[in-house]
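> okay, predicted coordinates and the sequence, questions at the end:
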Amino acid sequence: MTEPVVVARGITRRFGPKTAVDTVDLRIERGQIYGFLGPNGSGKTTLMRMLTGILRPSEGEALVLGVRLPGNAEPLKQQIGYMTQTFSHYRDMTVLENLRFCADIYGLTARERRARLDELLQIHDLTEQAHQMAGSLSGGQRQRLALAAAVLHRPRLLFLDEPTSAVDPESRRAFWEQLFDLVDDGASIIVSTHFMDEAERCHRIAILDHGRKRADGPPPRLMRDLDANVVEVEGGNLRLFKRDLDGRPGIMSTAQIGERLRVLVEKSIGDPAAHVRKAGKLALNVRCEVVRPNLEDVFVSATRRAVREGAA
Amino acid sequence: MTSLRRIWAILRKELVQLRRDRTTAALILMIPQIQLILFGYAINTNVRHIPVAVVDQSRTGLSRALIQMVEATQVVDVTLRLPTVQEARRAVRASRVRAVLILPPDLDARVARSPAANMGQPDSTEFASARPVGQWIVDASDTMVAGAIKGLRLMPLAELFRQPPNRQVPTCEVALFSNPEQRTEVNVVPGLVGIILTMTMIMFTSAAIVRERERGNMEMLINTPVRPIELMLGKIVPYMGIGLVQMAIILSLGHVLFNVPVAGSLWVLLAITLLFILASLSLGLVFSTFAKSQLQAMQLTVFVLLPSILLSGFMFPYDGMPKPAQWIANVLPATHLMTMIRGVVLRDAWIEDLAGGMIWMGGFAALGLLVATLRFRKRLD
Ligand SMILES: Nc1ncnc2c1ncn2[C@@H]1O[C@H](COP(=O)(O)OP(=O)(O)OP(=O)(O)O)[C@@H](O)[C@H]1O
Ligand SMILES: [Mg+2]
């Protein structure tokens, strides 16, 4: 059993009175894609910055690739790649110039560099844009450049902060294929996202909310172990049902998704479908059945608990 | 080896970005030329052609001759003739003229009794009754103008009567060394190298780190293995070349336009300018680690630029300043450059003559680089 790439204990970061990351414990195994799933402002970026050593934790500590943080993070730099949330390469330089700059900074020799840059342009489908200014690239192309630059020196651990926020589903799929290729080559990846479908592709995820870790584990297990039943309602006046159901005992949340209303019912309720039918005063012709939970349900249930705790 | 490659990478990056920034690149070349032409022609401490008014109350041949004589000095130009003293005062207040010459109605009598006219030896009683021939009312807010007109106070009047002037026997002979024709440009051209380099060098590097931050490149940069000292050196070296180019522009234009050739060794010139460039660049880097925005960096640059113009000896003689001002001036690299570069360009000073200043500037540069490197943290907080 190899040791984990990241172990964090009680890691906390405060900005003045605000706690951006609150006593988070993490254990990330080698060769995995680990996702941070959380809404805006939940502390994903702050957590990543602490793990790369560019932000000091207010409390707690982490061991990243055997390097203790807080502490001298320099030994880490050559072994990690970091793709920032906002594009951080030079907009007034071409794709090739940017990559070349990174290659030199990471100390690739001239021969290594030439081969590697050709390869990267190929893999990330940037050959046509090689001599285009980075600032004039489309959002997706820009993110491909950022990924190419982040993996250029073959890091053992890769941090990707919302790497596909500007990417269409087709490209996102291709992007993830590349991530799996990297993992296949022995890298470990930490990726933050607020897309459910993206989180579902990770080996394991941690759900973050208001700086706290609410749940973690492989997505299928999180869905299986969900502390609630999911009932789907179809037909009739969904807006009306929603109004009737919201706030009723045993109903955790309701969300309309197109033609359907998705209702989270507490685990303690014996027959969730009947409970919803009764509480929502549904007509007989309205379909109402228990379905398999998805990751969004897990997310809603995990963050909802936070709201209740916060209110208490 | 890796270190060199990283410095090279930063350096290349800076040059590529500079090349893309056409306006800045053009300004680097244009600023020294325009400033040189501007200052070379404009700055002149030999004051001439000051506009003055005349109130001639005597209206005699003598008064007209006197006015002609005053004009012949070229220090003043009579641009106004006014009937009354009141009107003359108003003209001074309104800045239409800088001074007024008042010739009283009894001018002829006063001239006759004046010792300046050299009409025989005045005895002591007569000396007491001798009164000045005319009066100057001067707007003395500009001390240089006032000084020039004060110089007219002692004008000998003997020439008025076609007599040889009272030959004054000088106590000392003055040999004008290195600028015999007393041309201001000779002092201005080499000094301008210091001023322009202070401005461009500090400005470039004071924005160097801030710009990475403002454009959002810093987070990427601090996640790479680049060392602070490599970053600093990579940002300094390209501008050293630019500084030398600017110096070359100023001095060669100075030679062509203002006839100020470089008397001393070009190697010595290169050495002192490089040291000065290094000192200015490292000062800019230190600013860059303090400033939170490019605007702040700019303000810090001006904070140094103004005293560099006013206290360094560029405009006013260093030796004439009060002690505390000299202490401040001594901290500025520009002050040391001013002395040294004038030494090399005008007096063929050699390395030994300049050792003190060179050591000081080298120390300044090293200290600045050290402070900037230590202050630069590869962290966001
Ligand atoms: N430098 C800072 N100073 C003050 N507050 C900060 C700073 N950086 C982050 N925060 C705060 O910390 C919280 C977490 O921010 P963070 O950027 O980590 O969220 P995030 O999960 O990455 O959000 P997003 O999905 O929008 O990127 C936010 O409330 C933010 O306002
Ligand atoms: Mg973020």
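Perfect, I can see it now. Numbers count the residues shown, from 1 in each chain, chains lettered A, B, ... in the order given. Ligands and ions are numbered 1, 2, ... in the order given.

> chain center to stretch A:257-271, what's the gap?
25 Å (Cα atoms, centre = their mean, to the nearest Å).

> contacting residues for the nearest residue to residue B:95 once chain neighbours are set aside?
Distances taken as Cβ to Cβ, 6 or more residues apart in numbering or on different chains put residue B:139 closest to residue B:95, at 7.6 Å, once the chain neighbours are dropped. From N, CA and C alone the C-beta is placed, and that goes for glycine too. For residue B:139, the contact set (Cβ atoms under 8 Å, 6 or more residues apart in numbering or on different chains) comprises B:92, B:95, B:98, B:99, B:145, B:146.

> where does chain A get nearest to ligand 2, which residue?
Proximity to ligand 2, evaluated over chain A using Cβ to the ion, is greatest for residue A:45 at 3.1 Å.

> gap between that residue and residue A:127?
31 Å (Cβ to Cβ, to the nearest Å).

> circling back: check contacts around the residue of chain A closest to ligand 2.
Residue A:45 sits in contact with A:85, A:161, A:192, where contact means Cβ under 8 Å, 6+ apart.

> where does it fall, secondary structure wise?
Take DSSP states H and E as the rule and residue A:45 turns out to sit in helix A:44-52.

> just residue B:102 next, same as before
strand B:99-103.

> so which bits of the next helix or strand after that strand are buried?
Sequence-wise, the next helix or strand downstream of strand B:99-103 (DSSP H and E) is helix B:107-113. By 16 or more other Cβ atoms under 10 Å in any protein chain shown, the buried positions in helix B:107-113 come out as B:107, B:110, B:111, B:113.

> okay if I get the residues you listed as JSON lines plus distance to residue B:371 and pLDDT?
JSON lines is the format used below for the buried residues of helix B:107-113 (distance: Cβ to Cβ, whole Å; pLDDT from 0 to 100):
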{"residue": "B:107", "distance to residue B:371": "68", "pLDDT": "83"}
{"residue": "B:110", "distance to residue B:371": "68", "pLDDT": "82"}
{"residue": "B:111", "distance to residue B:371": "68", "pLDDT": "79"}
{"residue": "B:113", "distance to residue B:371": "70", "pLDDT": "77"}
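
> need these in CSV with distance to residue A:131, can you?
CSV is the format used below for the buried residues of helix B:107-113 (distance: Cβ to Cβ, whole Å):
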residue, distance to residue A:131
B:107, 84
B:110, 86
B:111, 85
B:113, 90
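
> can you show me the strands along chain B?
B:50-56, B:76-81, B:99-103, B:135-138 (DSSP state E).

> tally of neighbours for the closest residue to residue A:10 other than its chain neighbours?
Counting by Cβ to Cβ, 6+ apart, residue A:10 lies nearest to residue A:60, which is 3.7 Å off, once chain neighbours are set aside. The number of residues packed near residue A:60 is 19, by other Cβ atoms under 10 Å in any protein chain shown.

> quick one, phi/psi of residue A:60?
Taking degrees, to the nearest 10, you get phi 80, psi 180 for the backbone angles of residue A:60.

> looking at it, it is touching residue A:19, isn't it?
No: if you go by Cβ atoms under 8 Å, residue A:60 and residue A:19 don't touch, sitting 11.9 Å apart.

> from the buried residues of helix B:107-113, which two are the most distant?
Using Cβ to Cβ, the pair of those lying farthest apart is B:107 and B:113, separated by 11.2 Å.

> ok, residue 70 - contacts?
Defaulting to chain A. A:53, A:56, A:57, A:61.

> switch to chain B, that's the one I care about
Residue B:70 touches B:76, B:78, B:101, B:152, B:155, counting by Cβ under 8 Å, 6+ apart.

> now compare the residues you listed and name the two farthest from each other.
Top of the distance list for these (Cβ to Cβ): B:78 and B:155, 14.7 Å.

> hmm, back to that, report the angle between the strand holding residue B:102 and strand B:76-81.
Strand B:99-103 runs at 70 degrees relative to strand B:76-81, counting by axes from the mean of the first three to the mean of the last three Cα atoms, to 10 degrees.

> got the CA coordinates for strand B:99-103 in CSV?
Coordinates of the C-alpha atoms in strand B:99-103 are reproduced here as CSV (Å, rounded to 0.1, in the frame of the first residue of the first chain):
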residue,chain,number,x,y,z
ALA,B,99,11.3,94.7,-13.8
VAL,B,100,11.0,98.5,-14.3
LEU,B,101,13.8,101.0,-14.7
ILE,B,102,12.9,104.4,-13.4
LEU,B,103,14.9,107.4,-14.6
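
> what is that strand packed up against?
Contacts defined by 3 or more Cβ pairs under 8 Å, 6 or more residues apart in numbering or on different chains; DSSP states H and E place strand B:99-103 against strand B:50-56, helix B:61-72, helix B:85-93, strand B:135-138.

> alright, calling it a day.
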